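S.K.: please work out how this folds:
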Amino acid sequence: YFTNSIKKHRKCYEKNRPKIRRIVQFKNKSKKVRPDIKKITIEFSQEMDIDHRGFELGPLGKENVLLIRRFFGFSKDKKSVSFEVELKPNRRYQMTISDKFRNADGVLLKPYLIDIKTAEN
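M.R.: Numbers count the residues shown, from 1 in each chain. Sure thing, here's the model as predicted:
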């Protein structure tokens, strides 16, 4: 039924999925994130559907979750999203930006684990 193999379709799908380009305030996996950061902005590779979003626990569970205090929303160009957090010094935080986010065409985001440690004051 398909002109190409499933493997080839899968590869094409993965290549075209929206991805996280960067976190504006720090580099992911950093072990020296400033604990005074209050706002996090995540940039996407594509325009996103503003009606769909999802934040989930990381592998370390609720003890290390990066809690969102307030959701600011999407940028005007729909290529970034911002939210407020409260960080404490010398703590490890995780959050998965889930595939409940999707682009304007409905293609699901490739899940992305934010995994950071804050610096000591």
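S.K.: what residues are bridge-paired with the spatially most central residue of the chain?
M.R.: Nearest to the geometric centre of the chain sits residue 97, at 3.6 Å (CA atoms, centre = their mean). In this entry, residue 97 is beta-bridged to residue 55, residue 112, by DSSP bridges.
S.K.: same check on residue 108?
M.R.: residue 102.
S.K.: show me what contacts it?
M.R.: Neighbour list for residue 108: 17, 18, 99, 100, 101, 102 [criterion: CB atoms under 8 Å, 6 or more residues apart in numbering]. Heads up, the C-betas are built off the backbone N, CA and C, glycines and all.
S.K.: what about this protein, any weak spots by pLDDT?
M.R.: For the chain, applying pLDDT under 70 flags the ranges 1-2.
S.K.: now with 90, please.
M.R.: 1-14, 121 (pLDDT under 90).
S.K.: circling back to that earlier point, specify which member of the contacts of residue 108 is nearest to residue 25.
M.R.: Here the nearest of the contacts of residue 108 to residue 25, counting by CB to CB, is residue 101; it sits at 18.8 Å.
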